[in-house]
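Asker: one predicted model, sequence on top.
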Amino acid sequence: MQDGSYIIKILLVKLVLGDDFEKLKVIANKINHMKIKEYLKETKAELIHVSWPTRKQAIVYTIVVIVISFATAFFLGAFDYIFSTLLQKVI
């Protein structure tokens, strides 16, 4: 978990280096590279604990998402049509 200390480190380096942005970019890239390696390592460890859905559950959840998406699109489309019709009559 990151506590934002890397931001403080970057700001301190900037304070020391002044406006030498090339050196700052090199240091920031090194910090990011270390963070990426750590992130990937932690992600791999967390994936062991994941409870993956069964194939049937994944299909059902996908269908639910699609149905809700279409219902929302219809709902918003209907209100758009109603309000645009009303606005045309007023104007």
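Answerer: Alright, I've got the coordinates. Numbers count the residues shown, from 1 in each chain.
Asker: what about residue 58, distance to residue 91?
Answerer: Using CB to CB, to the nearest Å, one gets 48 Å for the distance from residue 58 to residue 91. For the C-beta atoms, the positions are set from N, CA and C on the backbone; glycine is no exception.
Asker: name the residues of the helix ranked longest in the chain that are buried.
Answerer: Scanning the chain for the longest helix, with DSSP state H as the assignment, gives helix 55-90. Across helix 55-90, burial judged by 16 or more other CB atoms under 10 Å covers no residue at all.
Asker: give me the mean pLDDT for that helix.
Answerer: For helix 55-90, mean pLDDT is 96.
Asker: what packs against that helix?
Answerer: Taking 3 or more CB pairs under 8 Å, 6 or more residues apart in numbering; DSSP states H and E as contact, there are no helices or strands that helix 55-90 lies on.
Asker: contacts for stretch 60-74?
Answerer: residue 53 (CB atoms under 8 Å, 6 or more residues apart in numbering).
Asker: output it as CSV, restricted to C-alpha atoms.
Answerer: These are the backbone C-alpha positions of stretch 60-74, laid out as CSV (Å, rounded to 0.1, in the frame of the first residue of the first chain):
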residue,chain,number,x,y,z
VAL,A,60,-25.6,-15.0,-15.9
TYR,A,61,-23.8,-11.9,-14.6
THR,A,62,-23.0,-10.9,-18.2
ILE,A,63,-26.6,-11.3,-19.3
VAL,A,64,-27.7,-9.2,-16.3
VAL,A,65,-25.3,-6.4,-17.2
ILE,A,66,-26.4,-6.4,-20.8
VAL,A,67,-30.1,-6.3,-19.9
ILE,A,68,-29.6,-3.5,-17.4
SER,A,69,-27.5,-1.6,-20.0
PHE,A,70,-30.3,-1.9,-22.5
ALA,A,71,-32.9,-0.9,-20.0
THR,A,72,-30.9,2.1,-18.9
ALA,A,73,-30.3,3.1,-22.6
PHE,A,74,-34.1,2.8,-23.3
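Asker: thanks a lot, see you next time.
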